[in-house]
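Asks: all I have is the shape, not the residue letters:
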């Protein structure tokens, strides 16, 4: 039975004057979230280690940096995260390492960024702020190779790479801290997110950002395999909506929800949309490199029916529209991202 | 359809003169395994950090130490594990931290022992010995609160504590290293294991060992709750059989199997069996402490049908018999374990 989705909260009245901490807040999604929260009148603190292989970039907050507290620090250390967490009403927990290949070549580094850091953050909450409301950004990678499509939240979690296992365990840590200490958290499992502020100089964040960067440099896109593989995408502003809705919901505690749910595209179609949005460019299909095929998940598209029913969220931005806005941003800001 | 279980391999001819490394090899299960392998003529190396809160105890290998190479070292460091792994035919990977309460009070320490150490061990295999055959000791704790009984391997993995999530991720690491690098491993999910060599001075390893220690000191057993909670137990020699059978099997690669499968007992019945085996003692029922109820899993008993069908393993030692042998050991060796 389909029920009417709940009415959308008014973010401005909800977050106005509220204290909000964003871990990974100089990164792609964190900085877009910070901008929105600043616009709603929240008192926003971001913490980010600006690790060169991750997504943090000071330019991401340049236009509104006077309205933020910015801490460049590593949350793997007990300080300053203890002090930063104390007194916050909301914690958007977006810190992490997202490269699957980097996690395979340096698994201890991934465990540090996605495991140790998460425990340190949750320990800070346990010891200094059990009333904080957490929204944690996880990944579709926890599902591994889909056994059916679209992937809903009942799909077994069977990651195929180190990053997926560490992110799954981090989801688990959040559940444990809710169950044992009452610290309320909601997990969102993101699929490919794209838009202004994403890492475009390499494929460490996601392949779509890398492709945007290649086209802007006049280079040829390389598609691994025959290009029929299917992915889904969310424009970053839609993801921000989901993060905010989750934080506003009292019913979402202890749950994990998929994002995704928009129109899926083959890699070939995706490449063609990028080239159209850029106004030119080339692609070629090349064989899968061995290190990628070992951790490839095949086709993926998510069902976001649960978050639609529970929170009224759905993606609103089409891939062509989102790509137009993305290229417009990078044409104006390219030097800060290459 | 029930098929006949496969014929048991001859361990003496299988392991004779083979190079075998046991991580956690001074611990309860590791040292019992080492003794058996030495008896089969294997060239056994054990590595153990002798961390005071874990299970390692030099006395465990005292009677046969001249037939072993013993390394007291921390496998979280890149050396010496790289050197120790090189050239081994078998790796019984039993290193870890098993206290659920300690993992909750010090989750970073648990992540170090069950996460960082495991990645370091697997990295050593990737870089120095991809042909090694691994048997990894995991835990029933990965299942969390049973949704049905007995728990078989299709039961969802939804741990309720930090230890369970870290062990589940460590199982995942082993699968990833098999899938990506061809490093063959088999995971056994142990339930309560008891017998000579277990930690009895506190409840860090398992409650049954703690109870043995209490009775030997003339102290009263405390049962949390009303005592109707069900558990299953394996005598350590049965667990050693399972570890050896898994290592001998070429078909077990990439799989996880439950142990358990013996007669389940309520905590009350367990206490009464202990008191009978000891020849006296008392117990009392007390309310669950808050920190325990937060991570309690309720009744648990495993189905070990899969490993029976695939490897011909089943537990052979009854609880009364195993407890007799256990108390006999501790009466003769008590000073080394209290």
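Replies: Arrived safely, thanks for sending. Note that the coordinates shown come from a computational prediction; the quantities given were computed from them, not determined experimentally.
Asks: going forward, measure contacts between C-alpha atoms and count neighbours the same way
Replies: OK.
Asks: how about stretch A:325-332, which residues are buried there?
Replies: A:326, A:327, A:330 (16 or more other C-alpha atoms under 10 Å in any protein chain shown).
Asks: and that stretch, average pLDDT?
Replies: Average pLDDT, stretch A:325-332: 98.
Asks: report the distance from that stretch to the chain centre.
Replies: 20 Å (C-alpha atoms, centre = their mean, to the nearest Å).
Asks: just the buried residues of stretch A:325-332 now: which is nearest chain B?
Replies: Taking C-alpha to the nearest C-alpha as the measure, chain B sits nearest to residue A:326 out of the buried residues of stretch A:325-332, at 34.5 Å.
Asks: now that closest one: how far from residue A:151?
Replies: 27 Å (C-alpha to C-alpha, to the nearest Å).
Asks: for stretch A:199-217, measure first residue to last.
Replies: First residue to last in stretch A:199-217 (C-alpha to C-alpha) measures 14 Å.
Asks: out of the buried residues of stretch A:325-332, which sit inside helices?
Replies: The members of the buried residues of stretch A:325-332 that map onto helices under DSSP state H are A:326, A:327, A:330.
Asks: near chain B, which residues of chain A? Just list them.
Replies: A:107-108, A:111, A:115-116, A:119-120, A:156, A:158-162, A:165-166, A:168-169, A:172-173, A:175-176, A:179-180, A:291, A:294-295 (C-alpha under 8 Å from any C-alpha of the partner chain).
Asks: among the residues you listed, which lie within helices?
Replies: In helices, judged by DSSP H, the following of those are found: A:107-108, A:111, A:119-120, A:162, A:165-166, A:168-169, A:172-173, A:175-176, A:179-180, A:291.
Asks: any chance of a ChimeraX selection covering the buried ones in those residues?
Replies: This is the ChimeraX syntax for the buried subset of these, where burial follows 16+ other C-alpha under 10 Å:
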select /A:107,108,111,119,120,162,165,166,168,169,172,173,175,176,179,180
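Asks: may I ask which helix or strand of chain A has the lowest mean pLDDT?
Replies: Among the helical and strand segments of chain A, the one scoring lowest on mean pLDDT, DSSP states H and E is helix A:290-293, with a mean of 88.
Asks: neighbouring contacts of it?
Replies: A:101, B:180 (C-alpha atoms under 8 Å, 6 or more residues apart in numbering or on different chains).
Asks: in that helix, what counts as buried?
Replies: Buried, per 16+ other C-alpha under 10 Å, within helix A:290-293: nothing.
Asks: and if you look at stretch A:59-69?
Replies: Under 16+ other C-alpha under 10 Å, the buried positions of stretch A:59-69 are A:59, A:60, A:61, A:67, A:68.
Asks: next one: stretch A:264-274
Replies: Applying 16+ other C-alpha under 10 Å to stretch A:264-274 flags A:264, A:265, A:266, A:267, A:268, A:270, A:271, A:272, A:273, A:274 as buried.
Asks: now do the contacts for the fifth one.
Replies: By C-alpha under 8 Å, 6+ apart, the residues touching residue A:268 are A:223, A:227, A:228.
Asks: now for those, which sits with the most neighbours around it?
Replies: Within the contacts of residue A:268, most neighbours by other C-alpha atoms under 10 Å in any protein chain shown means residue A:223, with 20 neighbours.
Asks: what helices and strands are in contact with the one helix or strand it maps to?
Replies: Assigned by DSSP states H and E, residue A:223 belongs to strand A:221-224. Applying 3 or more C-alpha pairs under 8 Å, 6 or more residues apart in numbering or on different chains; DSSP states H and E, one finds that strand A:221-224 contacts helix A:207-216, helix A:267-278, strand A:283-286.
Asks: would you list those in JSON lines and tack on distance to residue B:141 and mean pLDDT?
Replies: Below are those laid out as JSON lines (distance: least, C-alpha to C-alpha, whole Å; pLDDT from 0 to 100):
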{"stretch": "helix A:207-216", "distance to residue B:141": "37", "mean pLDDT": "96"}
{"stretch": "helix A:267-278", "distance to residue B:141": "40", "mean pLDDT": "98"}
{"stretch": "strand A:283-286", "distance to residue B:141": "44", "mean pLDDT": "96"}
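Asks: Serialize the ones you listed to TSV and add fields for distance to residue B:218.
Replies: Listed next are the helices and strands packed on strand A:221-224 as TSV, based on distance: least, C-alpha to C-alpha, whole Å:
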stretch	distance to residue B:218
helix A:207-216	65
helix A:267-278	70
strand A:283-286	72
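Asks: where does the closest residue to chain B within the stretch 201-338 of chain A land on pLDDT?
Replies: Nearest residue of the stretch 201-338 of chain A to chain B: residue A:294, at 4.9 Å (C-alpha to the nearest C-alpha). Per-residue confidence for residue A:294 comes out at a pLDDT of 86.
Asks: could you do residue A:9 as well?
Replies: Confidence score, pLDDT, at residue A:9: 91.
Asks: which strand or helix spans it?
Replies: Applying DSSP H and E, one finds residue A:9 in no helix or strand.
Asks: now do residue A:228
Replies: With DSSP H and E as the test, residue A:228 turns up in no helix or strand.
Asks: got the phi and psi for it?
Replies: phi -90, psi -10 (degrees, to the nearest 10).
Asks: now do the contacts for it.
Replies: Contacts of residue A:228 (C-alpha under 8 Å, 6+ apart): A:266, A:267, A:268.
Asks: gap between it and residue A:192?
Replies: Residue A:228 is 17 Å from residue A:192, by C-alpha to C-alpha.
Asks: if we can go back for a sec, can you give me how far the helix or strand just after the least confident helix or strand of chain A is from the chain middle?
Replies: Scanning forward in sequence from helix A:290-293 by DSSP H and E, the next helix or strand is helix A:305-311. Relative to its chain's centre, helix A:305-311 lies at 18 Å (C-alpha atoms, centre = their mean).
Asks: mind listing what's buried along helix A:305-311?
Replies: Buried-residue list, helix A:305-311, by 16+ other C-alpha under 10 Å: A:305, A:306, A:307, A:308, A:310, A:311.
Asks: what sits against residue A:147?
Replies: Residue A:147 neighbours (C-alpha under 8 Å, 6+ apart): residue A:155.
Asks: which intervals of the stretch 151-300 of chain A have sub-threshold pLDDT?
Replies: Residues of the stretch 151-300 of chain A that meet the criterion pLDDT under 70 are absent altogether.
Asks: same question for the stretch 1-150 of chain A.
Replies: A:1-5.
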